[in-house]
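1. please find the sequence and the predicted model below.
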Amino acid sequence: MLSNVIYNKLQTRPIKKTNKEVNRKDLVDAMQHTYKNCSFSTIPYLKHKLFSSRKTLQTYHSGNCIAMCMFAKRYLKKKYKIKSFIIPATIPIRYQRPGYLDISHVALCIPKDNKGYYIIDLAFYFIKPIFIYTNNLKKKRRGKNKNIYNNDTIEPFEFTSTKLSEKMVLNTYQTIPKDTLTCTVNYIKDIYDKWNYFIIEVIKPDESIGKTFLSCNIPVFITITDHLANLLLYIKKPTDNFVYIKYRQTELYNGFIDNIEQSVLDKLNIIFKPFFPKGILDALKK
């Protein structure tokens, strides 16, 4: 833990409500709708000082993993009357940064009667939901996600589940209660890079997870995809005056913000207007 990072206690509660019927196709529709209409971005938080993921969605159609889950959760409830819950998760080693706690991520959980739970991870760009069968937790199953940062590569993973026999104390701020179902995932190509999803609802995730994430020296960035989670636009601002722009997996610009050609900005501002209501330069400059 770092002295300049904000840490708050993780608050959780059991998932008691369920859905009698859940159509897998409806979940895929919600995922694709989210990928197309909600971008993963730190701009609303770091540039515009909005620390509520609900507000970042309202104004900029974007936000962190919490915002993406909120977006899909609202869509499922409104269109299909499906109940879903935001759950805490750890992350693969490749995404870890100094200052992060063990749980630094969230996903969306959709219970299905007494049969089990669907999990969709929108910020990891799952291609389809995965399902935990409560009557067969230990069976190894497979899924796929898309690595939009590496040429939209499809990455297969495998997962198993278990029920905690005792409470799991991860650190000073994060404890998972006894009897919580836990889904453990690893990439097929790297069986040692594991992460977990905990089937328990997280309360106020912006406070306990979002603030820590945003205070860990995270760069200003945005990733915009199509409905199949193919990268359309990636903008990253590693320093105050420098920016990197990738358009459909091809580098479009890499240099000082003030030197971006106006024609490039005009084109991007038209295509991606919902995510930049005041233009890209407004999002990038102090």
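-> Good, I have the coordinates.
2. could you use CA atoms for every contact and neighbour count after this?
-> Will do.
3. what segments of the stretch 51-200 of the chain are strands?
-> 62-63, 85-89, 105-112, 116-120, 130-133, 141-147, 153-163, 168-169, 175-176, 181-187, 190-198 (DSSP state E, counting those that start in this stretch).
4. between the longest one and strand 190-198, how big is the angle?
-> Using axes from the mean of the first three to the mean of the last three C-alpha atoms, to 10 degrees, the interaxial angle of strand 153-163 with respect to strand 190-198 works out to 60 degrees.
5. gap between strand 153-163 and the chain center?
-> Mean-position distance between strand 153-163 and its chain equals 16 Å (C-alpha atoms, centre = their mean, to the nearest Å).
6. please apply the same query to the first one.
-> Put simply, strand 62-63 sits 10 Å off its chain's centre (C-alpha atoms, centre = their mean).
7. from now on call the first residue 570
-> Okay, using 570 as the starting number, the last item reads as strand 631-632.
8. could you chop the chain up by domain?
-> According to automatic domain parsing, the chain comprises the domains 580-607+635-782, 799-853.
9. buried deepest among the ones you listed, which one?
-> Ranked by mean neighbour count, the domains of the chain are led by domain 580-607+635-782 with a mean of 18 (mean count of other C-alpha atoms under 10 Å).
10. what's the mean pLDDT across it?
-> Averaged across domain 580-607+635-782, pLDDT comes to 95.
11. just how off-centre is that domain within its chain?
-> 9 Å.
12. endpoints of that domain, how far apart?
-> Chord length of domain 580-607+635-782, first to last residue, is 16 Å (C-alpha to C-alpha, to the nearest Å).
13. what do you get for stretch 665-677?
-> One end of stretch 665-677 sits 20 Å from the other (C-alpha to C-alpha).
14. before we move on, what about stretch 706-714?
-> First-to-last residue span, stretch 706-714, C-alpha to C-alpha: 21 Å.
15. what's it in contact with?
-> 693-699, 723-731 (C-alpha atoms under 8 Å, 6 or more residues apart in numbering).
16. same thing with stretch 781-791?
-> With contacts defined as C-alpha under 8 Å, 6+ apart, stretch 781-791 is touched by 573-577, 608-612, 614-616, 666-670, 673, 802-808, 853.
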